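*Asks:* what follows is a predicted protein model with its sequence.
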Amino acid sequence: MSDIRTIPLIARRATPEAMAPYGALVEPGIDGTPFGEVDARLELARGTPRLYIMKLHRKPLHVTAITRHAAVTQCLAAMGGAEWLIALAPPGNPDLPGAEPDPERVEAFRIPGDRAVALHRGTWHAGPYLLDPTVDFLNLELSDTNLVDHHTVRLDRRFGVAFEIIP
């Protein structure tokens with residue numbers, strides 16, 4: 001497809017309500033608070049959980065592809081308090097092979113640096129996108145997520161669209 005339509009996406013402020021279709025916005029709470037409705041629901045039983053720190057570098061706020069992980073929830077948190085951006089689309093049925101995102105439902109969010117994101121299993125995502133030159137991120141997924149559970153759809157090739165995130 002030679003004609004790619006670039007659509008501006010104004011990044012919304014992330015709130016628990018706005019993030020609910022995609023996962024949870026994990027906010028600070030008082031130590032010792034029992035597990036409850038505000039907590040992220042993690043699905044890590046399909047493999048060996050992996051928590052690691054990724055060093056990411058700022059890249060253009062241009063989204064041409066979007067990815068999902070069907071086997072696991074994924075948690076991301078910036079270290080050091082840096083605000084960041086992410087583009088998301090609803091997961092649909094994460095167990096449906098060959099599923100595709102709905103380009104009409106892609107949204108962008110500004111994630112405060114003191115919050116984490118726990119994406120539902122199968123949530124389509126692009127990012128993190130940075131406002132700072134470099135940010136370290138905590139990433140919780142499975143040990144083989146990037147090898148066997150990394151389904152990417154090229155929005156530009158499949159749907160003829162790309163998104164430009166407006167912070």
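*Replies:* On my side now, so go ahead. Residues are numbered from 1 along each chain as shown.
*Asks:* for the lowest-mean-pLDDT helix or strand in the chain, packing partners?
*Replies:* When each helix and strand of the chain is scored by mean pLDDT, DSSP states H and E, helix 145-148 comes last, with a mean of 94. Applying 3 or more C-beta pairs under 8 Å, 6 or more residues apart in numbering; DSSP states H and E, we find helix 145-148 packed against no helix or strand. In this view, the C-beta of every residue, glycine as well, is placed from N, C-alpha and C.
*Asks:* in that helix, what's buried?
*Replies:* Across helix 145-148, burial judged by 16 or more other C-beta atoms under 10 Å covers Thr145.
*Asks:* ok, what's across the strand from the spatially most central residue of the chain?
*Replies:* For the chain, His125 is the residue whose C-alpha lies nearest the centre (C-alpha atoms, centre = their mean; 4.1 Å). Note on His125: beta-bridge partners Thr67, Leu88, judged by DSSP bridges.
*Asks:* dump the residue contacts of it.
*Replies:* Tyr22, Ile66, Thr67, Arg68, Gln74, Ile86, Ala87, Leu88, Ala89, Leu119 (C-beta atoms under 8 Å, 6 or more residues apart in numbering).
*Asks:* the third one: how many residues sit nearby?
*Replies:* A total of 17 residues lie near Thr67 under the criterion other C-beta atoms under 10 Å.
*Asks:* same question, the last one
*Replies:* Residues within reach of Leu119, counting by other C-beta under 10 Å, total 24.
*Asks:* let me see the confidence value for the nearest residue to it once chain neighbours are set aside.
*Replies:* In space, Leu119 comes closest to Gly23 once its chain neighbours are excluded; the distance is 4.1 Å by C-beta to C-beta, 6 or more residues apart in numbering. On the pLDDT scale, Gly23 is placed at 97.
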